[in-house]
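# Need a 3D model of the sequence below.
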Amino acid sequence: MKHRRIPKRRAALAGGAAVALLGAGVTLQTANASDDVPRFEVKALSATAAGDLASTLGEKLGGDAAGAYYDVKSRTLVVNVVDEAAADSVREAGGRARVVENTLAELSDARRTLKERATIPGTSWAVDPVTNKVVVTADGTVKGAAWGELTEVVKGLGSKAELKRASGEFRPFLAGGDAIHSGGGRCSLGFNVVKDGQPHFITAGHCGEAGSQWSETRGGPAVGVMVDSRFPGNDFALVKYVADTPHPSEVNLYGGGAQPITKAGEATVGMKVTRSGSTTRVHDGEVTGLDATVNYGNGQIVEGLIQTTVCAEPGDSGGSLFAGDTAIGLTSGGSGDCTSGGTTFFQPVPEALTAFGAQIG
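This next block holds a predicted model:
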């Protein structure tokens with residue numbers, strides 16, 4: 001089975017996994033021999049390389065870091081810091097430093113306040129490094145007393161948070177995704193992976209429970225059995241193929257061939273990404289937030305998600321989010337549709353692979 005794509009998790013920085021910094025910055029001496037102050041060159045980076053640098057700098061700077069994002073136009077990593085010493089470290093590594101008001105610790109405190117006082121169905125929140133705030137989003141179901149309560153909590157957070165509206169209703173996109181079927185439900189295959197030398201694939205945890213069987217067609221023979229499922233809290237699941245035949249590590253581009261997938265990586269705010277799923281096929285968009293918390297309702301709260309502008313609809317659940325040959329996320333849920341647009345959330349792939357002890361392959 002091939003991965004099907006629909007056409008178109010909690011680091012210190014806006015980046016992701018800890019990756020060593022190799023040659024990330026070049027130091028240039030000034031032409032004036034009397035000036036012994038070094039000047040640093042801002043490096044042009046791919047979105048993936050920017051994410052790696054963000055992760056590395058996040059570990060190095062610790063509490064002096066305040067988030068990061070990728071500037072697509074200039075192809076540079078912008079790193080928020082709280083003092084000039086940290087800014088110099090960023091510049092030395094090849095990034096653009098920006099001194100901001102709110103630290104990550106302060107924004108994390110704001111998130112905790114929201115979790116304690118505003119866990120309302122139809123809401124989400126994520127740190128936006130561009131505005132240096134926690135952006136709280138309410139869907140169309142948040143009204144009356146709930147809206148008033150949410151407004152008061154956000155207002156109490158002052159400059160650390162802002163409130164926005166989203167059309168439609170936040171919901172898991174269950175009905176499925178490259179299509180995989182189980183009973184009366186349909187989801188989308190995320191990425192083919194290998195665990196203990198055996199072929200598996202990963203998809204969304206809300207798609208099914210451990211022990212459920214999955215087929216390529218409704219009512220067809222089982223091609224895999226779900227061996228682990230994590231939802232709510234997280235949203236990922238592992239399915240073991242019935243046969244030991246290797247499966248290609250690629251994503252279905254629905255009429256546009258297939259995109260080979262060679263590795264998994266972390267998302268970076270500003271990164272351009274593509275999603276593939278069985279309902280709406282292939283669509284593009286941009287990462288707008290990380291470590292997002294979404295309240296789907298009925299106690300279904302998921303944390304550590306990637307927030308994007310990519311559209312999706314029921315049936316796309318579990319489908320692939322990628323950037324080039326890098327696996328980024330699994331479709332979880334959101335609001336809107338692929339006609340009017342919307343907000344969609346994705347489970348980070350690296351977290352799922354670590355939890356399952358699996359690798360892209």
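# quick one: the helices in the stretch 1-150 of the chain?
Using DSSP state H, counting those that start in this stretch, the helices found in the stretch 1-150 of the chain span residues 47-61, 84-93, 104-117, 144-156.
# right, and the ones you listed - which one's nearest residue 231?
Nearest to residue 231, of all those, is helix 104-117, at 18.1 Å by C-beta to C-beta. Just so you know, the C-beta spots here come from the backbone N, C-alpha and C atoms, and that holds for glycine as well.
# what's in contact with the closest one?
Applying C-beta atoms under 8 Å, 6 or more residues apart in numbering, the contact partners of helix 104-117 are 12-13, 63, 65-67, 125, 127, 132-134, 136, 149, 153-154, 156-157, 160-161, 293.
# can you give me the angle that helix makes with helix 47-61?
Orientation of helix 104-117 against helix 47-61 (axes from the mean of the first three to the mean of the last three C-alpha atoms, to 10 degrees) gives an angle of 100 degrees.
# Please list only the buried members of the contacts of helix 104-117.
The neighbour count (16 or more other C-beta atoms under 10 Å) marks 12-13, 65-67, 125, 127, 132-134, 136, 153-154, 157, 160-161, 293 as buried among those.
# Of the helices of the stretch 1-150 of the chain, which stretch is the most buried?
Ranked by mean neighbour count, the helices of the stretch 1-150 of the chain are led by helix 47-61 with a mean of 24 (mean count of other C-beta atoms under 10 Å).
# quick one: the strands in the stretch 101-250 of the chain?
Using DSSP state E, counting those that start in this stretch, the strands assigned to the stretch 101-250 of the chain run over residues 123-128, 133-138, 161-165, 171-172, 180-182, 185-187, 191-195, 198-203, 213-215, 222-230, 236-241, 250-252.
# residues in contact with the fourth one?
Contacts of strand 171-172 with the rest of the structure, by C-beta under 8 Å, 6+ apart, involve 204, 206, 235, 296-297, 300, 314, 317, 332-335.
# and if we set it to 10 Å?
122, 139, 141, 187, 204-207, 231-232, 235, 294, 296-297, 300, 302, 314, 317-318, 331-335, 345 (C-beta atoms under 10 Å, 6 or more residues apart in numbering).
# and residue 94, how far is that from residue 50?
10 Å (C-beta to C-beta, to the nearest Å).
# any residues in contact with both of the two?
With C-beta under 10 Å, 6+ apart, residue 94 and residue 50 have common neighbours 24, 43-44, 76-77.
# among those, who's most crowded?
Of all the shared contacts of residue 94 and residue 50, residue 77 has the most neighbours under the rule other C-beta atoms under 10 Å, reaching 33 neighbours.
# correct me, but that one touches residue 69?
Yes. Using C-beta atoms under 10 Å, residue 77 is in contact with residue 69, at 7.7 Å.
# So in terms of bridging, what pairs with the residue nearest to the spatial centre of the chain?
Centre of the chain computed as the mean C-alpha position; nearest residue by C-alpha atoms, centre = their mean is residue 306, 2.5 Å away. Taking DSSP bridges as the rule, residue 306 bridges to residue 346.
# Against residue 269, how distant is it?
Look at residue 306 and residue 269: by C-beta to C-beta, they are 9 Å apart.
# anything in contact with each of those two?
What both residue 306 and residue 269 touch, as defined by C-beta under 10 Å, 6+ apart, is the set 126, 287-290.
# farthest pair in those?
Most distant of those, by C-beta to C-beta, are 126 and 287, 10.2 Å apart.
# Same drill for these two, tell me which one is more crowded.
Using other C-beta under 10 Å as the criterion, residue 126 and residue 287 rank with residue 287 on top: 27 against 22.
# Quick check: pLDDT value at the more buried one.
We note a pLDDT of 96 for residue 287 in this prediction.
# mind listing what it touches?
Residue 287 touches 14, 47, 51, 69-70, 267-273, 306-310, 321, 323, 328-329, 346, counting by C-beta under 10 Å, 6+ apart.
# Show me just the buried residues among those.
Judged by 16+ other C-beta under 10 Å, buried ones among the contacts of residue 287: 14, 47, 51, 69-70, 267-271, 273, 306-310, 321, 323, 328-329, 346.
# Return the residues in contact with the residue lying closest to residue 269 once chain neighbours are set aside.
Using C-beta to C-beta, 6 or more residues apart in numbering and skipping the chain neighbours, the partner closest in space to residue 269 is residue 69 (3.8 Å). Residue 69 makes contact with 13-15, 50, 54, 76-80, 98, 128-130, 268-271, 287-290, according to C-beta under 10 Å, 6+ apart.
# Relative to residue 45, how far out is the nearest residue to residue 70 once chain neighbours are set aside?
Closest residue in space to residue 70, ignoring its immediate chain neighbours: residue 270 at 3.5 Å, by C-beta to C-beta, 6+ apart. Going from residue 270 to residue 45 by C-beta to C-beta gives 11 Å.
# repeat for residue 284
Distance from residue 284 to residue 45, by C-beta to C-beta: 20 Å.
# Comparing these two, which residue is more hemmed in?
Remark: of residue 284 and residue 45, residue 45 carries more neighbours, 22 against 14, as counted by other C-beta under 10 Å.
# tell me the phi and psi of that one?
Here is the backbone geometry of residue 45 (degrees, to the nearest 10): phi -130, psi 150.
# how about it, what does it touch?
Applying C-beta under 10 Å, 6+ apart, we find residue 45 in contact with 24, 51-54, 70-71, 74-77, 94-95, 268.
# what do you get if the cut-off is 8 Å, keeping everything else the same?
53, 70, 75-77, 94.
# Same check on residue 99?
80-84, 87.
# partner residues bridging it?
residue 81.
# ok, it to residue 87 distance?
Taken as C-beta to C-beta, the span from residue 99 to residue 87 is 6 Å.
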